[in-house]
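Chemist: Output the structure for:
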Amino acid sequence: MTYRPTVRGRRLARELRRLREAQGLTLQEVADRLDWSRATVSRLETGQTRPRPADIAQILDLYGMPSPERDAYINLAREAGQRGWWTAYVDVFTGSYVALEDEASHIRTWDPQLVHGLLQTEPYSRSVITAGRMLPGREEIERRIAARTARQALLSRAEAPQLHVIFDEAVLYRPIGGPGVMSAQLTALAEAASREKVTVQVLPYAAGEHAGLDGRFTILSFPDPADPDIAYVEGTMGDVYLESIEAIAKHRTRFDKIAAAALSPEDSAHLITEAARSSP
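Modeler: From the prediction side, this is the model:
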């Protein structure tokens, strides 16, 4: 099974690299002293392999890490290795995004074409998945719908994240699934916008050129200050995760500019409600 690092897994990977560099050791030197391959050490430091507590203990012993810090890192390795609900859908979720989204405290997302997956109704999802994924059969379609439904449970938790969604006005009028499906989706979207932790904004046609013309993206923030924001860009050729300070700052600025150009949440809710009423 392909390992997809959680937030804790990424944190541990960063710490392993930091600790090695603080010791003035190269990847090869660590590998030689532990009688491992250089690739094994590298994969642990880049979050490409599931960290085993015993392996982490060996590395920490090499670095002379005392307790209680040593115990905290080993416990982090145990937590990073735990499998979440999404592992039941490894055939659907091919990247790390859902594992990271599941631990986020704040999700900011811009999408010019679609209602965000966390807010989609099942009929709307079915239409999007059927058309966009070009899957060979009904079984694959239903499998992805089940996975998306499981993912949406995130917003029903007691500690649900803050969700800030911005989309283009065109999303309101593109009749995905037909008039009935679209009307129900818009009604559900208006209801979702009234939730305490959900903010929905619509970027109107009148905005003209804007900061979101390069395409959709998501910024994930986490409750622990030790975990930096991640910007996620999804495309047909694969997913990109941006974590550098410069890249995150650029995407935060881009999102803020889009939000400033969009209608207020109150005006957006009014527009969504009107679109639902006027839908054939």
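Chemist: how about the helices of the chain, start to end?
Modeler: Using DSSP state H, the helices found in the chain span residues 7-22, 27-34, 38-45, 53-62, 69-81, 97-101, 122-133, 138-152, 170-173, 179-193, 245-261, 265-278.
Chemist: so what strands line up beside the helix-or-strand element of the chain with minimal mean pLDDT?
Modeler: One helix or strand of the chain scores below all others by mean pLDDT, DSSP states H and E: strand 238-242, with a mean of 79. Strand 238-242 has the following strand partners under DSSP bridges: strand 230-235 (antiparallel).
Chemist: CA-only coordinates of the partner strand in PDB, if you can.
Modeler: Presented in PDB, the C-alpha positions along strand 230-235 are these (Å, rounded to 0.1, in the frame of the first residue of the first chain):
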ATOM      1  CA  ILE A 230       0.400  23.900   2.600                       C
ATOM      2  CA  ALA A 231      -0.800  25.200  -0.800                       C
ATOM      3  CA  TYR A 232      -2.300  22.500  -3.000                       C
ATOM      4  CA  VAL A 233      -2.800  22.700  -6.700                       C
ATOM      5  CA  GLU A 234      -4.600  19.900  -8.500                       C
ATOM      6  CA  GLY A 235      -4.300  19.200 -12.200                       C
END
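Chemist: can you pull the contacts of Leu263?
Modeler: Taking Cβ atoms under 8 Å, 6 or more residues apart in numbering as the contact definition, Leu263 lies against Gln201, Val202, Leu203, Pro204, Leu271. The C-beta positions use only the backbone N, C-alpha and C, and glycine is treated the same way.
Chemist: Buried members of the residues you listed into ChimeraX, please.
Modeler: Per 16 or more other Cβ atoms under 10 Å, the buried members of the contacts of Leu263 correspond to this ChimeraX selection:
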select :201,202,203,204,271
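Chemist: Adding pLDDT, write the contacts of Leu263 out as JSON lines.
Modeler: Output for the contacts of Leu263, formatted as JSON lines (pLDDT from 0 to 100):
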{"residue": "Gln201", "pLDDT": "98"}
{"residue": "Val202", "pLDDT": "98"}
{"residue": "Leu203", "pLDDT": "98"}
{"residue": "Pro204", "pLDDT": "97"}
{"residue": "Leu271", "pLDDT": "97"}
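Chemist: Max pairwise distance over the contacts of Leu263: which two?
Modeler: Leu203 and Leu271 (10.8 Å; Cβ to Cβ).
Chemist: thinking again about what came up before, now the least confident helix or strand of the chain, how far from the centre of its chain.
Modeler: 10 Å (Cα atoms, centre = their mean, to the nearest Å).
Chemist: that older thread, indicate which one of the helices of the chain is closest to Gly208.
Modeler: helix 245-261 (8.7 Å).
Chemist: now for that closest one, which elements pack on it?
Modeler: strand 106-111, strand 162-168, strand 198-203, strand 217-221, strand 230-235 (3 or more Cβ pairs under 8 Å, 6 or more residues apart in numbering; DSSP states H and E).
Chemist: looking at those, which has the lowest confidence?
Modeler: Comparing mean pLDDT across the helices and strands packed on helix 245-261, the weakest is strand 230-235, with a mean of 86.
Chemist: How far away from the center of its chain is that one?
Modeler: How far strand 230-235 lies from its chain's middle: 8 Å, per Cα atoms, centre = their mean.
Chemist: in it, what counts as buried?
Modeler: So strand 230-235, judged by 16+ other Cβ under 10 Å, has buried residues Ile230, Ala231, Tyr232, Val233.
Chemist: tilt between it and strand 106-111?
Modeler: 30 degrees (axes from the mean of the first three to the mean of the last three Cα atoms, to 10 degrees).
Chemist: Lovely, talk soon.
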